[in-house]
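Q: Next input, structure requested:
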Amino acid sequence: MSRSSGERLGEADRAAVEPLTALVAVLAVGAALGLYATALEDATPEPADPTADAVLDRIERDATVGGIVRPERLYHLESETPTVVELETERRRWRVGVGSASPSAGGRIDPRSPAVAQRSVTVAVAPGENVRGRLRVAIGR
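A: Next up, the predicted model:
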């Protein structure tokens with residue numbers, strides 16, 4: 001049945017959608033978004049090896065007491081990843097190999113390498129004396 005342009009539509013005749021149809025459409029869109037999110041999460045590559053930043057976080061947590069890095073704690077670190085840890089202040093430098101890494105490699109750790117992470121820390125150099133220093137971690141590949 002066609003209506004003439006002069007007839008007014010009633011409120012009940014405008015944009016009416018069956019409730020069951022609307023519910024099915026919402027469920028279909030929700031299911032599609034859920035499948036898409038699951039597929040996207042599974043497609044994201046995860047690094048097989050731990051990153052230098054993750055190793056640095058773990059080593060800093062293990063070597064720190066009360067927010068201050070204690071150099072003597074570097075010698076008791078454990079890690080599955082071969083790592084060289086370097087703690088440096090203006091006056092002194094500590095270098096330790098963790099895992100199967102050897103700290104005897106000459107020179108300093110190159111901070112521009114992608115296998116190196118570093119951050120500024122507070123270091124206890126004597127009882128009651130704390131100075132700023134830099135904690136560096138180089139992971140073996």
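Q: Every contact and neighbour count from this point should use C-alpha atoms.
A: Fine.
Q: Outline the domain layout of the protein.
A: The chain resolves into domains spanning 11-43, 52-139 when parsed by automatic domain parsing.
Q: okay, the residue sitting nearest the centre point of the chain: pLDDT?
A: By C-alpha atoms, centre = their mean, the chain has its centre lying nearest to Ala54, at 7.1 Å. In the predicted model, Ala54 carries a pLDDT score of 87.
Q: hey, which of the domains of the chain is tucked in deepest?
A: Ranked by mean neighbour count, these are led by domain 52-139 with a mean of 16 (mean count of other C-alpha atoms under 10 Å).
Q: Quick one: distance of it to the chain centre.
A: Centroid separation between domain 52-139 and its chain, computed with C-alpha atoms, centre = their mean, to the nearest Å, is 19 Å.
Q: Give the pairing partners of the helix or strand bottoming out on mean pLDDT in the chain; include direction for each.
A: In the chain, the helix or strand scored least confidently by mean pLDDT, DSSP states H and E is strand 93-98, which has a mean of 85. Based on DSSP bridges, the strands next to strand 93-98 in the sheet, each with its direction, are strand 83-88 (antiparallel).
Q: now could you export just the CA positions of the partner strand as PDB?
A: What follows is strand 83-88, C-alpha atoms only, in PDB (Å, rounded to 0.1, in the frame of the first residue of the first chain):
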ATOM      1  CA  THR A  83      74.000 -11.300  31.100                       C
ATOM      2  CA  VAL A  84      76.800  -8.800  31.900                       C
ATOM      3  CA  VAL A  85      75.800  -6.300  34.500                       C
ATOM      4  CA  GLU A  86      77.800  -3.100  34.900                       C
ATOM      5  CA  LEU A  87      77.200  -0.500  37.700                       C
ATOM      6  CA  GLU A  88      79.200   2.700  37.400                       C
END
